[in-house]
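Asker: need a structure here:
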Amino acid sequence: MKAFIFFLTLLSIAYVSLALAGDVPSDTRWIDTNSVLISNQQNPDIARRDCETTMRILSIMSNDKIIFRSMCEPSYNPRCVYYYCYQLNVKALVIDEHRREE
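Answerer: Numbers count the residues shown, from 1 in each chain. Alright, predicted model coming up:
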């Protein structure tokens, strides 16, 4: 749960940074924002569900200027807190206002 809250904090910082950079043309490139490890001590289904819930939250945060795309993958990263672990990879697309008007 701490990792989830930490991830949302990092995400909000990235969101504000990307929002402030909204005037910069993006050329429709996906930007890697962050990867986060979400794990559970007892159950792989709980770890997967936490990861998928975070993906849904990111999808809700998408708007006219920024679109978030995320993907959950099973991970065996030694930095995981617990054995059952998923890695959440997040990309963001900054929509160029000028391209949308054309």
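
Asker: Next secondary structure after the helix or strand of the chain with the lowest mean pLDDT?
Answerer: None of the helices or strands of the chain scores lower by mean pLDDT, DSSP states H and E than helix 2-20, at a mean of 51. Note on helix 2-20: by DSSP states H and E, the next helix or strand toward the C-terminus is strand 30-40.

Asker: Now do the same contact list for the residue nearest to N77 when sequence neighbours are not counted.
Answerer: Of all residues not flanking N77 in the chain, L37 sits nearest, at 5.8 Å (C-beta to C-beta, 6 or more residues apart in numbering). C-beta: built from backbone N, CA, C; applies to glycine. Counting by C-beta atoms under 8 Å, 6 or more residues apart in numbering, L37 makes contact with A3, S75, N77, R79, C80, V81, C85, Y86, Q87, L88.

Asker: distance of L37 from N43?
Answerer: Distance, L37 to N43, using C-beta to C-beta, to the nearest Å: 16 Å.

Asker: do the same with M55
Answerer: Distance from M55 to N43, counting by C-beta to C-beta: 18 Å.
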